[in-house]
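Trainee: I'd like to go over a predicted model; first the sequence, then the structure.
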Amino acid sequence: MIRSYWIETYGCQMNIAESNALELQLKGAGLVPAKTAEEADCAILNTCSVRKSAENRVWGRLGLFAHIKTLHPLTLIVTGCMAQRLQEDLKDEAPQVDYVLGTNDKHKILEVLVSPESAELRTEAYSFGTSYYHEGEYSSYIPIMNGCNNFCSYCIVPYVRGREVSRPVEEILEEVRFLDAQGVKEITLLGQNVNSYHYEEDGSVLTFPSLLEKVCSVAVNIEWIRFESPHPKDFSDDLIKVIKEQEKVAKHLHIPMQSGNTRILGLMNRKYTRERFLTLVETIKREIPDATFATDVMVGFPSETEEEYQDTITALDQMGCIEAFMYYFNPREGTAAVSFPAEVSEEERGRRLTDLIAFQHKIFVREKTKRTHGLAKVVVNAVSRNDKKQMLGRTEHNEMVVFDGSFAVGSIVTVRLTGLKGNTYTGTVEN
Ligand code: SF4
């Protein structure tokens, strides 16, 4: 009899959201969370395939679970992208795994645990959960689409998540209403290519800008509405207009650039040029002057020259991000770029990344300093680990702020930003 569960989640926000949905299902069926992996009756590894290192960590964990299974009965399930990509390898090389359920089969986990004999393990399409709420949290993810049609040449996601599927609009709005009633303060609409949301019903089509407007119209207590990750090619003028006009849409935009060089963007199959990307950034800056940016950047793509790498540096300078997720190209088995010629040596990739991080640090300081001394609404996150009389919070622009006081986690306070210590603002509460 399975009474307790253990979930390990690897990878992206979508996996975190899907694990939340699964946990709600398990709790709803009367299961309880185990205190440790060793005590659980069932363990579920929700895996990621984006990087080889994420898969290696799971292979390592499977060794531990094989040992636990020698001590007491345990049902072991591997789900998510690695289960999708390496289904046969897992079945052959990890006999301790009882079920390997790919990305489209995650919703079958409860059935597998409760009535394994009748569970139908093959499904055709991705299915969304009813809710992705994690009890007690003031910040929640809402998956609105899954999959990707873009096939960037370095990315495994379209192969493991499949083609794009959009969640019915009424289900999304229902979840927003539910979260609003739970006291959630910020929501993040999620999708691998979130702004290509496209839902058809009764002959009419709803696209992402209209969905965002609808979400704003039903959010009463929710303070900020975010979305992750948009594709630059789908970032339309209509979307900019909605972000500008709707107060609840957080004015902090994560727009993955990847490279600032048009030839490399072509090899990456990103479907935009340097000029088009920078024009988009300039349009947003003009229309929404208080917007801040985050981005993703990859250096050392096969055949990238020093000059092309410098194009990325100048584009980053122009964009002026306050957050950047930077990495170097790592060939991913199963993607087109794995066989691209003229690989940049690992040493050179490392050098470019180190220089990029140092350069971007100066940009963080430049951009954040501009905003010091201003007022910011802050959602209280936690008590500071360094000083129990201080609290940590996050602004609309996703920046950490530390300030004196004692406030409930999840409450909103107005803070004057007084300085910058590393990446964190210091501030004083004004309300
Ligand atoms: S848009 Fe490109 S990088 Fe993003 S998930 Fe799709 S293929 Fe991967």
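Mentor: Thanks, I have it. If you're wondering where the values come from, they're calculated on a predicted model, not measured in any experiment. Residues are numbered from 1 along each chain as shown.
Trainee: For the residue nearest to residue 189 when sequence neighbours are not counted, give its distance to residue 192.
Mentor: Using C-beta to C-beta, 6 or more residues apart in numbering and skipping the chain neighbours, the partner closest in space to residue 189 is residue 227 (4.3 Å). Where C-beta positions appear, they are placed from N, C-alpha and C, glycine not excepted. Using C-beta to C-beta, to the nearest Å, one gets 12 Å for the distance from residue 227 to residue 192.
Trainee: which of these two has more neighbours?
Mentor: In this view residue 227 and residue 192 are compared by other C-beta atoms under 10 Å, and residue 227 has more residues nearby, 25 against 22.
Trainee: In contact with that one: list those residues for me.
Mentor: Taking C-beta atoms under 8 Å, 6 or more residues apart in numbering, we find residue 227 in contact with 188, 189, 190, 191, 194, 195, 208, 212.
Trainee: Which of those residues fall in helices?
Mentor: Using DSSP state H to define helices, the subset of those located there is 208, 212.
Trainee: any chance of the contacts of residue 227 in JSON lines, plus distance to residue 178?
Mentor: Formatted as JSON lines, the contacts of residue 227 follow (distance: C-beta to C-beta, whole Å):
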{"residue": "188", "distance to residue 178": "15"}
{"residue": "189", "distance to residue 178": "15"}
{"residue": "190", "distance to residue 178": "16"}
{"residue": "191", "distance to residue 178": "19"}
{"residue": "194", "distance to residue 178": "20"}
{"residue": "195", "distance to residue 178": "24"}
{"residue": "208", "distance to residue 178": "21"}
{"residue": "212", "distance to residue 178": "18"}
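Trainee: Tell me the one among the contacts of residue 227 nearest to the ligand.
Mentor: Nearest to the ligand among those, counting by C-beta to the nearest ligand atom, is residue 191 at 9.2 Å.
Trainee: Count the neighbours of that closest one for me.
Mentor: As a burial measure, residue 191 scores 28 neighbours (other C-beta under 10 Å).
Trainee: can you check residue 126 too?
Mentor: Using other C-beta under 10 Å as the criterion, residue 126 is surrounded by 21 other residues.
Trainee: pretty sure it contacts residue 147?
Mentor: Yes. With contacts defined as C-beta atoms under 8 Å, residue 126 counts as touching residue 147 at a distance of 6.6 Å.
Trainee: circling back: from the contacts of residue 227, which single one is nearest residue 39?
Mentor: Proximity of the contacts of residue 227 to residue 39 (C-beta to C-beta) peaks at residue 190, which lies at 31.3 Å.
Trainee: Model confidence for the closest one, exactly?
Mentor: Per-residue confidence (pLDDT) for residue 190: 96.
Trainee: buried stuff in stretch 102-114?
Mentor: Judged by neighbour count using 16 or more other C-beta atoms under 10 Å, the buried positions of stretch 102-114 are 102, 103, 104, 105, 106, 107, 108, 109, 110, 111, 112, 113.
Trainee: show me the contacts for the residue of the stretch 301-431 of the chain at minimum distance from the ligand.
Mentor: Nearest to the ligand, among the residues of the stretch 301-431 of the chain, is residue 335, at 8.9 Å (C-beta to the nearest ligand atom). Taking C-beta under 8 Å, 6+ apart as the criterion, residue 335 is in contact with 153, 154, 155, 156, 159.
Trainee: which among the residues you listed gets closest to the ligand?
Mentor: residue 155 (3.1 Å).
Trainee: what's the burial count for the closest one?
Mentor: Residues near residue 155, counting by other C-beta under 10 Å, number 21.
Trainee: Surely it and residue 332 touch.
Mentor: Yes. Contact criterion C-beta under 8 Å: residue 155 and residue 332 qualify, at 7.4 Å.
Trainee: which residues are in contact with both of those two?
Mentor: Listed contacts common to residue 155 and residue 332 are residue 50; contacts here mean C-beta under 8 Å, 6+ apart.
Trainee: Quick check: pLDDT value at the residue nearest to residue 189.
Mentor: pLDDT, residue 227: 98.
Trainee: I'd like the numbering to begin with 672 instead of 1 from here.
Mentor: OK, 672 is where the count begins now, so the last one is residue 898.
Trainee: sec struct for it, please.
Mentor: Here residue 898 is recorded as strand under DSSP: H, G, I helix; E, B strand; the rest coil.
Trainee: Just the C-alpha atoms of stretch 931-939, please, in PDB.
Mentor: Included here for stretch 931-939 are C-alpha records, laid out as PDB according to Å, rounded to 0.1, in the frame of the first residue of the first chain:
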ATOM      1  CA  GLY A 931      24.100  39.400 -30.900                       C
ATOM      2  CA  ASN A 932      25.400  38.300 -34.300                       C
ATOM      3  CA  THR A 933      23.100  37.700 -37.200                       C
ATOM      4  CA  ARG A 934      25.100  34.900 -38.800                       C
ATOM      5  CA  ILE A 935      25.200  33.000 -35.500                       C
ATOM      6  CA  LEU A 936      21.500  33.600 -34.900                       C
ATOM      7  CA  GLY A 937      20.900  32.100 -38.400                       C
ATOM      8  CA  LEU A 938      23.000  29.000 -37.400                       C
ATOM      9  CA  MET A 939      21.100  28.800 -34.200                       C
END
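Trainee: Mind listing what's buried along it?
Mentor: Buried residues in stretch 931-939, counting neighbours by 16+ other C-beta under 10 Å, are found at 931, 932, 933, 934, 935, 936, 938, 939.
Trainee: repeat for stretch 1025-1044
Mentor: Buried residues in stretch 1025-1044 (16+ other C-beta under 10 Å): 1027, 1031, 1034, 1035, 1038, 1039, 1042.
Trainee: All set, thanks.
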